[in-house]
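**Student:** no FASTA, just this:
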């Protein structure tokens, strides 16, 4: 077993990409190439369907990156706030996708944001796609607990593209390192089994439904989605 593994810096990685390489900046890629449009369409469809987005909903997108995914949801809701800790990625989102006052982005970590948000009642839906695994255990507990207690009008939370611990060995093959699975700074973040995620979410008060993307989805063999509801 290899004891060493690379950690990951989202901000530095994004800065290494071209200013208009939106999917590359947030690693929505396969073998370094942006995923095809039909794959993105599958993600958008899953989000809209599971959140049951309507023209009256106001969406909170946690760890929204550069807004490339968020903007594809603007037509399905009345407003959206994207929050991300990377100043660089938020700058890209503000320059390329922001449509104030209804669709905006701000630079702030997810845990810091949910604690500080002065008007949580305006949000009805929450999304965190492909980013939750990069929250520390303490941040994950704080975010889920605060959303349940403070954001009382939020009825559905969609957490997408979570790495499944039970499939980690299949994914890593000869490079498998169990230490990497519990480090939120690793390349893929924290891997959780469905039982582990369910315990985390239920402790915060949420009901939990696990979802799987179709087999043709590029990451379906090692990732799963979760819908949280009250």
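**Tutor:** Looks like it came in fine. For clarity, every value in this text was computed on a predicted model and none was experimentally measured.

**Student:** could you point out where the chain is predicted with low confidence?
**Tutor:** Counting by pLDDT under 70, the chain shows low-confidence ranges at 1-3.

**Student:** Show me the strands in it, by range?
**Tutor:** 29-30, 33-34, 58-62, 79-84, 103-107, 125-129, 156-163, 207-211, 223-229 (DSSP state E).

**Student:** List the buried residues in the last one.
**Tutor:** Going by neighbour count (16 or more other CB atoms under 10 Å), the buried part of strand 223-229 is 223-228. Glycine gets a C-beta too; all of them are placed from N, C-alpha and C.

**Student:** Please name the strands paired to it in the sheet, noting orientation.
**Tutor:** Here strand 223-229 has these sheet partners by DSSP bridges: strand 156-163 (antiparallel), strand 207-211 (antiparallel).

**Student:** picking up where we left off before, distance to residue 198 added to the strands of the chain, as a markdown table?
**Tutor:** Converted to a markdown table, these look like this (distance: least, CB to CB, whole Å):
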| stretch | distance to residue 198 |
| --- | --- |
| strand 29-30 | 29 |
| strand 33-34 | 33 |
| strand 58-62 | 20 |
| strand 79-84 | 25 |
| strand 103-107 | 31 |
| strand 125-129 | 16 |
| strand 156-163 | 11 |
| strand 207-211 | 5 |
| strand 223-229 | 8 |
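
**Student:** Might one say that residue 131 is in contact with residue 62?
**Tutor:** Yes: counting by CB atoms under 8 Å, residue 131 touches residue 62, with 7.1 Å between them.

**Student:** follow-up on the earlier one: for the strands paired with strand 223-229, which one sits closest to residue 73?
**Tutor:** Taking CB to CB, strand 156-163 is the member of these nearest to residue 73, at 10.5 Å.

**Student:** looking at the strands of the chain, which is closest to residue 113?
**Tutor:** That would be, of those and by CB to CB, strand 79-84, which comes in at 4.7 Å.
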